[in-house]
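**Q** One predicted model, sequence on top.
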There are 2 protein chains.
Amino acid sequence: MGIVKKIFKKSRHTEEDGIFFDEMKKLLGFKPVNLSHYRRAFTHRSSNKTDANGNPINYERLEFLGDAMLGAVIAAHLFTEAPTGNEGYLTKMRSKIVSREHLNELGRDLSLIQWVESKVSEQHFGENIHGNLFEAFIGAIYLDRGFNYCEKFIYKKVIIPYVDIQKLEGKVISYKSLLIEWCQKEKKRFFYEVYEDNGAEGQKYFAVKLQIGDKVVAKARATSKKKAEEKASQRAYFAFQEKINRK
Amino acid sequence: MGIVKKIFKKSRHTEEDGIFFDEMKKLLGFKPVNLSHYRRAFTHRSSNKTDANGNPINYERLEFLGDAMLGAVIAAHLFTEAPTGNEGYLTKMRSKIVSREHLNELGRDLSLIQWVESKVSEQHFGENIHGNLFEAFIGAIYLDRGFNYCEKFIYKKVIIPYVDIQKLEGKVISYKSLLIEWCQKEKKRFFYEVYEDNGAEGQKYFAVKLQIGDKVVAKARATSKKKAEEKASQRAYFAFQEKINRK
């Protein structure tokens, strides 16, 4: 290969890596170190990639690793947050948090599918690809940055926005009603703005902005208007709680 | 309380803590920081202890935590050590390593039962107490020192002495025959010294010392002569492998 071609190839690579690096950094909330782990986390088996020893390169083994790390982080969180729960209770709560349905929701919300490298079209992936990608991504974080960064990411993307022990226990039925009650008590105006939004997979989504006073306090996206409003209310509720805790 | 009594009480506490600290340090291979986690890991529910809020203090919730940490550490180990294994294979191998039977063996080998605080006698504990204590102890390490120390302990006490992928796969049937073969090839004299040994629970154990040349290279203890010899052979085999890897 001529030297000019070599430089051209190298610089092109760097640019591609640069874009992927920036995207991953944004998604992670911290700097990735070895991008190859994240590339693998988005490589579908249909790519038929293999390493120098002929072993397949795709995200399937990373799912196993990510699932284990997620289980450990959620276990530690529940252990601290539910000091009165016995072993059976803790196990049940964890199963709810890491249910296939919930993992799919998490993967979908992060739009992980946009980075997938595959030789089949998205219709062939099946519903569980979102959760599988989410698990594989956690596995990649572990390989790249270790357990503590894994924990950091899971807190930011799973525990803070989604894990609510009261709701999991069925004690809180609707965050929308909690929020409305609070606004009325505090004499604050509130407003849910809902609009339709078509997802990358052609599925219909509803997106909602929740405004309290003059400020948009939360946004959410879900497969029904009701779900999107509930999700936005929950996010707003936790954002308030965090604010109160920080005071 | 008079000042003399106070000092007396404090110093007595310190001495007790000092002994427990030394024992834990020896078991852990590093310094414990907050002994209360380890004390809890050895507190049986029959003690009926509760904290200031009336929540029971015993090791049962710690089992949940330790199980999750053990699962994560073993998953990461298998991910690296079995690069050709798919998700199903990795899951199967992990189940073998963290089987109830295996955890009981680990807890028994570390004689964790000697530290148990309980109001019932040891006969009432049931067979699984050894594995439960082992899991709870891992949970205590996580709370006290975090994931990395947990991993360190699991490598030292579980992975290095026990986890052998070849054996788990059924590829190596007997370490004793491997060892005998090696000794014959290398023209080394070897000798298994077996003696009976009664465990704390009144159960009969067999202990074995394996000598190669003039040196005792491994010791092991098990419920049959054959098992003890096999265990000692496996330990010697891994000790040799580690020596070779370090060169």
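**A** Cool, got the structure. Numbering: from 1, shown residues only, chains lettered A, B, ... in the order given.
**Q** can I get the CA coordinates of the helix or strand harbouring residue A:39 in CSV?
**A** Element membership of residue A:39 [criterion: DSSP states H and E] is helix A:35-41. Taking Å, rounded to 0.1, in the frame of the first residue of the first chain, the C-alpha atoms of helix A:35-41 are listed here in CSV:
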residue,chain,number,x,y,z
LEU,A,35,-13.6,1.3,21.8
SER,A,36,-13.3,-2.3,20.6
HIS,A,37,-15.5,-3.5,23.5
TYR,A,38,-18.3,-1.1,22.6
ARG,A,39,-18.0,-2.0,18.9
ARG,A,40,-18.4,-5.6,19.9
ALA,A,41,-21.4,-4.8,22.0
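**Q** counting contacts, what elements does it pack onto?
**A** helix A:3-28, helix A:60-81, helix A:129-145 (3 or more CB pairs under 8 Å, 6 or more residues apart in numbering or on different chains; DSSP states H and E). Where you see a C-beta, it was placed from the backbone N, CA and C, and this is true even at glycine.
**Q** now the ones you listed in TSV, with distance to residue B:239?
**A** Formatted as TSV, those follow (distance: least, CB to CB, whole Å):
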stretch	distance to residue B:239
helix A:3-28	41
helix A:60-81	29
helix A:129-145	29
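**Q** quick one, which of the ones you listed is packed in tightest?
**A** Of all the helices and strands packed on helix A:35-41, helix A:129-145 has the most neighbours on average by mean count of other CB atoms under 10 Å in any protein chain shown, namely a mean of 25.
**Q** Please provide the alpha-carbon coordinates for that helix, formatted as PDB.
**A** The C-alpha coordinates for helix A:129-145 follow below in PDB (Å, rounded to 0.1, in the frame of the first residue of the first chain):
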ATOM      1  CA  ILE A 129     -32.700  -7.200  20.900                       C
ATOM      2  CA  HIS A 130     -33.100  -4.000  23.000                       C
ATOM      3  CA  GLY A 131     -32.600  -5.700  26.300                       C
ATOM      4  CA  ASN A 132     -29.800  -7.900  24.800                       C
ATOM      5  CA  LEU A 133     -28.000  -4.800  23.600                       C
ATOM      6  CA  PHE A 134     -28.400  -3.200  27.000                       C
ATOM      7  CA  GLU A 135     -26.900  -6.200  28.800                       C
ATOM      8  CA  ALA A 136     -24.000  -6.400  26.200                       C
ATOM      9  CA  PHE A 137     -23.300  -2.700  26.600                       C
ATOM     10  CA  ILE A 138     -23.000  -3.200  30.400                       C
ATOM     11  CA  GLY A 139     -20.600  -6.100  29.800                       C
ATOM     12  CA  ALA A 140     -18.500  -3.800  27.500                       C
ATOM     13  CA  ILE A 141     -18.300  -1.100  30.200                       C
ATOM     14  CA  TYR A 142     -17.100  -3.700  32.700                       C
ATOM     15  CA  LEU A 143     -14.300  -4.900  30.300                       C
ATOM     16  CA  ASP A 144     -13.400  -1.300  29.400                       C
ATOM     17  CA  ARG A 145     -13.500   0.400  32.800                       C
END
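**Q** Please see if it touches chain B.
**A** Yes - on the criterion CB under 8 Å from any CB of the partner chain, helix A:129-145 is in touch with chain B at A:139, A:142, A:143.
**Q** ok, and the most centrally placed residue in chain A, which helix or strand is that part of?
**A** With distances taken as CA atoms, centre = their mean, residue A:106 lies nearest the centre of chain A, 4.0 Å away. Per DSSP H and E, residue A:106 falls inside helix A:100-109.
**Q** hmm, who's touching that helix?
**A** If you take CB atoms under 8 Å, 6 or more residues apart in numbering or on different chains as the criterion, helix A:100-109 is touched by A:96, A:113, A:127-135, A:137, A:157-158, A:162, A:199, A:221.
**Q** In chain A, where is pLDDT below threshold?
**A** A:1-13, A:171-173, A:199-203, A:241-247 (pLDDT under 70).
**Q** Measure how far the helix holding residue A:106 is from the centre of its chain, please.
**A** Counting by CA atoms, centre = their mean, to the nearest Å, helix A:100-109 is centred 7 Å from the centre of its parent chain.
**Q** now swap in stretch A:19-31 and tell me
**A** Distance, stretch centre to chain centre, for stretch A:19-31: 14 Å (CA atoms, centre = their mean).
**Q** Export only the CA atoms of it, formatted as CSV.
**A** What follows is stretch A:19-31, C-alpha atoms only, in CSV (Å, rounded to 0.1, in the frame of the first residue of the first chain):
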residue,chain,number,x,y,z
ILE,A,19,-17.3,10.1,16.0
PHE,A,20,-18.0,6.8,17.7
PHE,A,21,-15.8,7.9,20.7
ASP,A,22,-17.9,11.1,21.1
GLU,A,23,-21.2,9.2,20.8
MET,A,24,-20.1,6.6,23.4
LYS,A,25,-18.8,9.3,25.7
LYS,A,26,-22.1,11.0,25.6
LEU,A,27,-24.0,7.8,26.2
LEU,A,28,-21.7,6.6,29.0
GLY,A,29,-21.3,9.9,30.8
PHE,A,30,-17.5,9.3,31.0
LYS,A,31,-14.7,8.6,28.5
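**Q** neighbouring contacts of it?
**A** Residues outside stretch A:19-31 that contact it (CB under 8 Å, 6+ apart): A:32, A:35, A:38, A:39, A:110, A:115, A:141, A:145, A:149, A:152, A:153, A:156.
**Q** again, 6 Å this time
**A** Here stretch A:19-31 makes contact (CB atoms under 6 Å, 6 or more residues apart in numbering or on different chains) with A:32, A:38, A:156.
**Q** Check stretch A:83-99 too.
**A** Contacts for stretch A:83-99 (CB under 6 Å, 6+ apart): A:70, A:74, A:78, A:163, A:168, B:55, B:60, B:64.
**Q** correct me, but residue A:191 touches residue A:213?
**A** No - using CB atoms under 6 Å, residue A:191 is not in contact with residue A:213, being 9.5 Å away.
**Q** Could you list the domains of chain A?
**A** A:3-160, A:175-246 (automatic domain parsing).
**Q** tell me the most buried of the ones you listed?
**A** Of those, domain A:3-160 is the most buried (mean count of other CB under 10 Å), at a mean of 17.
**Q** chain center to that domain, what's the gap?
**A** For domain A:3-160, the distance to the chain centre is 9 Å (CA atoms, centre = their mean).
**Q** for chain B, what are the nearby residues on chain A?
**A** Within chain A, the positions lying close to chain B (CB under 6 Å from any CB of the partner chain) are A:55, A:60, A:64-65, A:68-69, A:71-72, A:75, A:79, A:83-84, A:87, A:90, A:147.
**Q** ok so, going back, just give me the closest of the contacts of stretch A:83-99 to residue A:195.
**A** residue A:163 (27.8 Å; CB to CB).
**Q** For the closest one, which non-adjacent residue is closest in space?
**A** residue A:97 (5.7 Å; CB to CB, 6 or more residues apart in numbering or on different chains).
**Q** which one of the contacts of stretch A:83-99 is nearest residue B:121?
**A** residue B:60 (19.2 Å).
**Q** List phi and psi for residue A:54.
**A** Here is the backbone geometry of residue A:54 (degrees, to the nearest 10): phi 80, psi 0.
**Q** Mind telling me what element residue A:207 is part of?
**A** strand A:204-212.
**Q** Send over the helix or strand following that strand as PDB, restricted to the C-alpha atoms.
**A** As assigned by DSSP H and E, the chain's next helix or strand after strand A:204-212 is strand A:215-222. C-alpha atoms of strand A:215-222 as PDB (Å, rounded to 0.1, in the frame of the first residue of the first chain):
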ATOM      1  CA  LYS A 215     -40.300  25.100  33.000                       C
ATOM      2  CA  VAL A 216     -40.200  21.700  31.200                       C
ATOM      3  CA  VAL A 217     -39.300  19.400  34.100                       C
ATOM      4  CA  ALA A 218     -39.400  16.000  32.400                       C
ATOM      5  CA  LYS A 219     -39.700  14.300  29.000                       C
ATOM      6  CA  ALA A 220     -40.700  10.800  28.200                       C
ATOM      7  CA  ARG A 221     -41.500   8.500  25.400                       C
ATOM      8  CA  ALA A 222     -43.600   5.300  25.400                       C
END
